[in-house]
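Participant: Fold the stuff below for me.
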Amino acid sequence: MQRDRIGGFAEDGSAVIGTVTGFSPGAMPDLHHHARGQLAWCPDRPVTVLAEGRLHLVPPNAAIWLPPDLTHRISAQGPRQSVNLYTLPGAAPLPGTSAPFALTPLDCELIRTMASATRSDRREGAFARLASVLWDRLKRPAPVPRLSLPQDPRLRRIALAHIDGEERSLDHWAGSLALSRRSLQRLVSRETGQSWSLWMRELRLGRGLAPLMAGHSVQAAAHVAGYATASGFVAAFRTAYGFTPGQMQRRIAA
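Facilitator: Purely as a prediction, here's the structure:
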């Protein structure tokens, strides 16, 4: 039987195959894709999912759907558990694009049960009925932030580095990319519609989203985002998103 290199499961023709896998920071897969669709849930920490030129920031009470053959990357700050359901193309009535879904405790138990099922379990009618119940329940889009990434690979490199905590100056990146300072500023303006400083603000705020989704304090999130004070972080966050970090945390908790 053919084995999925990243997912680690053996292909046996089942409509849904589940896995429960642990990843350390240094061993998290880079960009890849699966022939099957993937419903990925990380119950122990928020994750950043790169797909279709966007970064989805997914908290532990949400899962993300990744359609078949969609190139993506899932990463986290620290070790993570990944509970996955891999579906044959067309076997799950889910969107044709990447999409996060809010999970209730019942949804979480359904996913865990299906992910732990054996091949013989998957052949039973009860398993198909569990899958139908889960698909019916995944009707609620998750209220999670999403960041758009520039198409230009040079700017995408900068964006991903900043999201991962590697904050560098305009001069550093201009030298690294063999561009003049002015050329890089023009490139950012053309690709993002923002100045360098505004784009950096967006990326810093994005870096602060993961600790907020994990339930950490605004002060902790401000520190991760590179702000000297929590008040400065809150003000920038409200300007960018239209709501405060505390309001976002309450939306996610609800």
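Participant: quick check, Leu147 in a strand?
Facilitator: Yes. Judged by DSSP: H, G, I helix; E, B strand; the rest coil, Leu147 forms part of a strand.
Participant: show me the contacts for it.
Facilitator: For Leu147, the contact set (CB atoms under 8 Å, 6 or more residues apart in numbering) comprises 54-55, 57, 159, 163, 202-203, 206. From N, CA and C alone the C-beta is placed, and that goes for glycine too.
Participant: Drop anything exposed from those residues.
Facilitator: By neighbour count, with 16 or more other CB atoms under 10 Å, these hold 55, 57, 159, 163, 202-203, 206 as buried.
Participant: Who does Val74 form a beta bridge with?
Facilitator: Slight slip there: residue 74 is Ile, not Val. Under DSSP bridges, the beta-bridge partners of Ile74 are Val49.
Participant: For the chain, just list every one of the helices.
Facilitator: For the chain, the helices defined by DSSP state H occupy 105-115, 119-122, 125-137, 153-163, 170-176, 181-192, 196-213, 218-225, 230-241, 245-253.
Participant: Run a quick neighbour tally on Pro233.
Facilitator: Pro isn't right for residue 233; it's Phe. If you count neighbours by other CB atoms under 10 Å, Phe233 ends up with 25.
Participant: From what I see, it and Tyr227 are in contact.
Facilitator: Yes. Contact criterion CB atoms under 8 Å: Phe233 and Tyr227 qualify, at 4.0 Å.
Participant: Overlap of the contact sets of the two?
Facilitator: Gly208.
Participant: Let me see the contact set for Ala128.
Facilitator: Ala15.
Participant: quick one on the thing from earlier: between the contacts of Leu147, which sits nearest Arg137?
Facilitator: Leu57 (22.5 Å; CB to CB).
Participant: my read: that closest one touches Met213, true?
Facilitator: Yes. At 6.3 Å, Leu57 and Met213 qualify as touching, with contact defined as CB under 8 Å.
Participant: quick revisit: among the contacts of Leu147, which one sits closest to Ala178?
Facilitator: Comparing the contacts of Leu147 against Ala178 with CB to CB places Ala159 closest, at 18.5 Å.
Participant: Roughly how far does that closest one sit from Leu66?
Facilitator: Applying CB to CB, to the nearest Å, the value for Ala159 to Leu66 is 20 Å.
Participant: now swap in Leu184 and tell me
Facilitator: Leu184 is 32 Å from Leu66, by CB to CB.
Participant: Val224 now?
Facilitator: For Val224 relative to Leu66 (CB to CB), the value is 26 Å.
Participant: Which one of the two is surrounded by more residues?
Facilitator: Each of Val224 and Leu66 had its neighbours counted (other CB under 10 Å), and the higher figure belongs to Leu66 (26 against 18).
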